[in-house]
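In: sharing a model prediction with you, sequence too.
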Amino acid sequence: MTKERPVLKLKTPAAPAKTAAGKAPYKGAAGKAPYQGAAGKPAYAKPAAAPDADPAAAKPRPAQQRRPVTEDADSAAAVWAKAAPKQRKAPQPKFAAPRPKPEFRESHHRDLKPALQVGFKTDLPPDSLAFSLLGAALAVAQVRTGTALPQALAGVFASTNALPQARGAMQDIAYRAMRALGHSDALIAMMAPKAPDPLVAALLACALPLMQPDADGSLAYEQFTLVDQTVWAAWAHPDTERAKPMVNAVLRRFQRERQQLLAAAALQPVAKWNYPQWWIDAVRAAYPDHWQAVLSTGNQPPPLTLRVNARRSSVADYLATLEHAGIAATQVGPQAVRLAKPVGVHLIPGFDDGVVSVQDAAAQLAAQLLDVQDGMRVLDACAAPGGKTCNILELADADVTALDADAKRLARVGENLDRLGLKASMKAADAQHPDWWDGQAYDRILADVPCTASGIVRRHPDIRWLRRKGDTLQLATLSGKILDNLWQMLAPNGKLLFVTCSLWPQESEAQAAAFAVRHGATRLDAPGQLLPTGSAEQDHDGLFYALFQKNA
C-alpha cells in the first residue's frame, strides 16, 4: 500500500492594512524601519491637511475627460484642427498627394550656394605672400565659374587695391595654378576629408604647385613660409576662415607623404597632363605622333617674343641694343626676337618708343604671307588687340581698316597704333554681317576668325578649363559665316588669309577645304597647321594659315 506523497502548502500571507490614503505602508528592507523625517514621521507620508482646509480639495483630481467621438469625418477633422499643431496633426486621407518638401535655406541648397565674396577687404598686409595667395585664389575660383583669368585678375586688382608688386605675385601664382589645376585637384581629392568649398579649393590649388620645384629644380618660396602664409590667407577671408585647420592639415600631409601622393596622381591622365580628358583625347586623335609633345608644350610658361618695327630698326641692331642693356636674347624669326628671361614691357629698351612690340613668332607670319604693297586697301577683320594690324603698317604704306565686334577691345588697337606712330581706320562691327561695308572691294583681307584658342594655351592656361567639347562645332560654324561674308568684299585677284589659333582640324584644315569648295577659291602656299613648340631654334604657339586668291 503506497502512501500518498505529502504536498507542500504555503500559507498565503495576510494582506497588509491600508492607510487612509488607500495605499499599503512602506515596509522597507527586512529588519529595518522606514526612514524617518525630521519631524519623526516617515518621509514618504503625505502632509496632513490644514485644520481649516476643505476636505473636498484633498481629493485626487479627476482624470481629464476625453473629447467626444463623432462619426462625422468633417467634424472630426475640425476637432483635430483645434489641437495644438506641435502635439497633433490632422488626419490625412489614405491616398493623399505627398506634401511638398520644405525649401532649403540659401546656404544649404545645392543650387543656391552663397556668392563668392570677391570684394571683401582683408586685414592682411598688402606686401605679404598671404595677401597675394588670397588674391590669386579669388581669381582661380572665378575661372571655375566661367570667367576668363585676365578678367578675373583685373577685378581682384581693382577690389583689393593691390600694389604693382602684389599684382605681379597674384598673376604668377594664378597662372601657375591654372597650368597645374588637374594635378592639384587630384591631390586635394586624395587628402581632403570632403570636397572643400570653392574658395578653399582654389586656395589649395594655388599653394600646392608652389610646393613643387620648377623645371630648374628651384622652389619659388620656402615650404614653411608657404604653409604659414596659406593658413593666414585662409583665416583672413570669411569664405575660408572655418577651413583653416583643414588647409593646414592638407599642406602638412603633402609635405610628409609627397612621394606617395605624387606617384598616385601620376596614374590619372587628367592629373598627369593637366587637361580635361576630352582635350587629351582630341589632341591624341588629331596628332597621334606628336600628342605628348603638344600637351607638354602647352604646360610650359610662354616666352617673351618681340617684333622689331622695320620702320625703326633691324633685328641685328636691336640685338646689339639688348646686349648693351645686359638682356640676353636670340632671333627666332624674320622680325622676331626672344628674350632669355621675361621682363616688364616698360623695362624693354625701345618698347615705349615704338621700336618693338610683343607678339608671338608664329603670329608675325600673317603680315608677311599677305604680301601687302603700298597703296593697297586692306581689311583686318577681328583685329583686336591690333598686333597684326600694326605689323601690316610697319611693312607697307597701306589703307588699313581694323574691324572688331568688341568696341572695348578695339580701343587697344588704337593704343598700339598711337605707340607705334601708325594710323588706320577703326570700325566696331560684326564681321559676319555686311551692313558696315561701304561697297569698295579690298585688295587684301586678313581673317583671324574666332576659335577655341586651343593653340595658345601656354599663354592662356585657363582656356583648357573654360572650353567645352561642343564649342568647336559652334565656333567653326561662326567662322564659316565670317569667311563667306568677307569673300564677297575681296577684289578680283585679291588674297584672303584665313588664320586660327586652334589645334582642332574642324576649325582649321577642314574649314579651309570646305571654304575652297564653296567658293572655287585658289589655294596658295601657306604653312598650314603649326604645332606649338618650345625648342631653342623655334619657339611659337600653335596657329593655322590658309591663303586663298579670288579668280578674276
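Out: Ah, there it is.
In: read off the pLDDT value for the residue nearest to T321 when sequence neighbours are not counted.
Out: Closest residue to T321 apart from its sequence neighbours, by CB to CB, 6 or more residues apart in numbering: P349 at 5.3 Å. Backbone N, C-alpha and C define where each C-beta goes, glycine included. At P349, the pLDDT value in this model is 97.
In: mind checking how far P349 is from D418?
Out: From P349 across to D418, the span is 20 Å (CB to CB, to the nearest Å).
In: the two - which one has more neighbours?
Out: P349 (15 against 11; other CB atoms under 10 Å).
In: surely that one and E323 touch.
Out: No: applying CB atoms under 8 Å as the test, P349 and E323 come out as separate, 10.4 Å apart.
In: hang on, the earlier thing: need the contact list for the residue nearest to T321.
Out: 321-322, 325, 327, 355 (CB atoms under 8 Å, 6 or more residues apart in numbering).
In: again with W279
Out: Per CB under 8 Å, 6+ apart, neighbours of W279: 454, 464, 467.
In: for those, give me a markdown table that also has pLDDT and distance to D541.
Out: Shown next, in a markdown table, are those (pLDDT from 0 to 100; distance: CB to CB, whole Å):
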| residue | pLDDT | distance to D541 |
| --- | --- | --- |
| S454 | 98 | 10 |
| R464 | 98 | 14 |
| R467 | 96 | 16 |
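In: are any of the residues you listed buried, and which?
Out: 454, 464, 467 (16 or more other CB atoms under 10 Å).
In: need these in JSON lines (columns: distance to A536 and secondary structure).
Out: Shown next, in JSON lines, are the buried ones among the contacts of W279 (distance: CB to CB, whole Å; DSSP: H, G, I helix; E, B strand; the rest coil):
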{"residue": "S454", "distance to A536": "25", "secondary structure": "helix"}
{"residue": "R464", "distance to A536": "26", "secondary structure": "helix"}
{"residue": "R467", "distance to A536": "30", "secondary structure": "coil"}
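In: okay, these in JSON lines with distance to L547 next?
Out: Supplementary listing: those in JSON lines, determined by distance: CB to CB, whole Å:
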{"residue": "S454", "distance to L547": "22"}
{"residue": "R464", "distance to L547": "29"}
{"residue": "R467", "distance to L547": "27"}
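In: check which helix or strand covers the closest residue to N274 other than its chain neighbours.
Out: Of all residues not flanking N274 in the chain, G182 sits nearest, at 4.2 Å (CB to CB, 6+ apart). Here G182 sits within helix 181-191, counting by DSSP states H and E.
In: quick one: contacts of that helix?
Out: Applying CB under 8 Å, 6+ apart, the external contacts of helix 181-191 come out as 140, 177, 195-196, 201, 204-205, 208-209, 249-250, 253-254, 261, 264-265, 268, 270-276, 465.
In: ok so, going back, look up how far Q359 lies from the residue nearest to T321.
Out: 17 Å.
In: how close does A195 sit to D185?
Out: 10 Å.
In: again but with S132, I slipped
Out: For S132 relative to D185 (CB to CB), the value is 21 Å.
In: pick out whichever of those two has more residues nearby.
Out: S132 (27 against 19).
In: what about A207, neighbour count?
Out: If we define neighbours as other CB under 10 Å, then A207 has 27 of them.
In: ugh, wrong one, V355
Out: 19.
In: spatially nearest residue to it (excluding sequence neighbours)?
Out: Nearest residue to V355 in three dimensions, chain neighbours excluded: R312, at 4.7 Å (CB to CB, 6+ apart).
In: and P60, what pLDDT?
Out: 49.
In: go on, S535?
Out: 88.
In: that one and D239, how far apart?
Out: In terms of CB to CB, S535 sits 43 Å off from D239.
In: same question for V294.
Out: Distance from V294 to D239, by CB to CB: 37 Å.
In: all strands for the chain, in order.
Out: Secondary structure of the chain (DSSP state E): strands at 305-308, 329-331, 336-339, 356-358, 377-381, 399-404, 425-428, 442-448, 490-500, 522-530, 533-534, 539-540, 543-549.
In: wait, what's in contact with G298?
Out: 275, 457-458, 461, 464, 532.
In: so which of those is the closest to T225?
Out: Closest approach between these and T225, by CB to CB: P461, at 25.0 Å.
In: surely the closest one touches A174?
Out: No: with contact defined as CB under 8 Å, P461 does not count as touching A174 (9.3 Å).
In: who's more crowded, these two?
Out: Higher neighbour count among P461 and A174: A174, with 29 against 25, using other CB under 10 Å.
In: what's the closest non-adjacent residue to the more buried one?
Out: A136 (4.1 Å).
In: the one you found: neighbour count?
Out: 30.
In: L210 versus that one, what's the distance?
Out: For A136, the distance to L210 - CB to CB - is 10 Å.
In: equivalent analysis for G354, please.
Out: For G354 relative to L210 (CB to CB), the value is 37 Å.
In: comparing these two, which residue is more hemmed in?
Out: L210 (22 against 19).
In: pLDDT value on that one, please?
Out: At L210, pLDDT is 97.
In: touching, it and Y221? I think so.
Out: Yes: using CB under 8 Å, L210 is in contact with Y221, at 5.8 Å.
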